[in-house]
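Participant: Have a look at this prediction, sequence included:
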Amino acid sequence: MQLVAYARIMVEDQMSAYVIVEIRMTDHDAVEAFNKYALKATELLKEYGATVLVFDQAPRVLEGDWRPAAIVVQQYPDMATVERFHCSDAYAPLRALRARFSDNNVIAVAGTL
């Protein structure tokens, strides 16, 4: 029980939230569309006080069966900002664009560095 209470305190007091995106290109001829998405998404992230920490097209799996093609890690001020960004009218067309050329898994985690 003490670990659960400690975890709740950490999450409530945390300063940052992180989004981890696994990108698997389904249309390898869509490099130009991906670049357009990446540029516009990065600009929009800045408006939300977020930044891209990692973009890795060759992540190494250390354990398990996960085989990601590319990973993006973004840092946000807090989880509320993640939710505002992800559900925003400004991001919706970019999310739709990304879905046209890739399959994606996206998770958000709370934590501090």
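Facilitator: Here it is on my side, so go on.
Participant: quick one: contacts for the residue nearest the centre of the chain?
Facilitator: Centroid-nearest residue in the chain, with CA atoms, centre = their mean: residue 19, separated by 3.3 Å. By CB atoms under 8 Å, 6 or more residues apart in numbering, the contact list for residue 19 reads 72-74, 76, 82, 86, 106-109. All C-beta spots, glycine's among them, are computed from the backbone N, C-alpha and C.
Participant: Just give the closest residue to it, not the sequence neighbours.
Facilitator: Counting by CB to CB, 6 or more residues apart in numbering, residue 74 is the residue found nearest to residue 19 once chain neighbours are left out, at 4.4 Å.
Participant: could you measure that neighbour against residue 54, distance?
Facilitator: Using CB to CB, to the nearest Å, we find residue 74 at a distance of 9 Å from residue 54.
Participant: ok, the two, which is more surrounded?
Facilitator: Ranked by neighbour count (other CB atoms under 10 Å), residue 74 and residue 54 place residue 74 first, with 23 against 13.
Participant: now that one, what's its secondary structure?
Facilitator: In three-state terms, and counting by DSSP: H, G, I helix; E, B strand; the rest coil, residue 74 is strand.
Participant: The chain should start at 455 in everything you say after this.
Facilitator: That works, and once the first residue is 455, the last one we named lands at residue 528.
Participant: Kindly state the beta-bridge partners for it.
Facilitator: Beta-bridge partners recorded for residue 528 (DSSP bridges): residue 473, residue 506.
Participant: ok, it - contacts?
Facilitator: 472-473, 475, 499, 504-507.
Participant: could you redo the last one with a cut-off of 7 Å?
Facilitator: The contact partners of residue 528, by CB atoms under 7 Å, 6 or more residues apart in numbering, come to 472-473, 499, 504-507.
Participant: what does residue 471 give?
Facilitator: If you count contacts by CB under 7 Å, 6+ apart, residue 471 has them with 530, 532-533, 536, 562-564.
Participant: related to what we said a few turns ago, how close does the residue nearest to the centre of the chain get to residue 561?
Facilitator: From residue 473 across to residue 561, the span is 7 Å (CB to CB).
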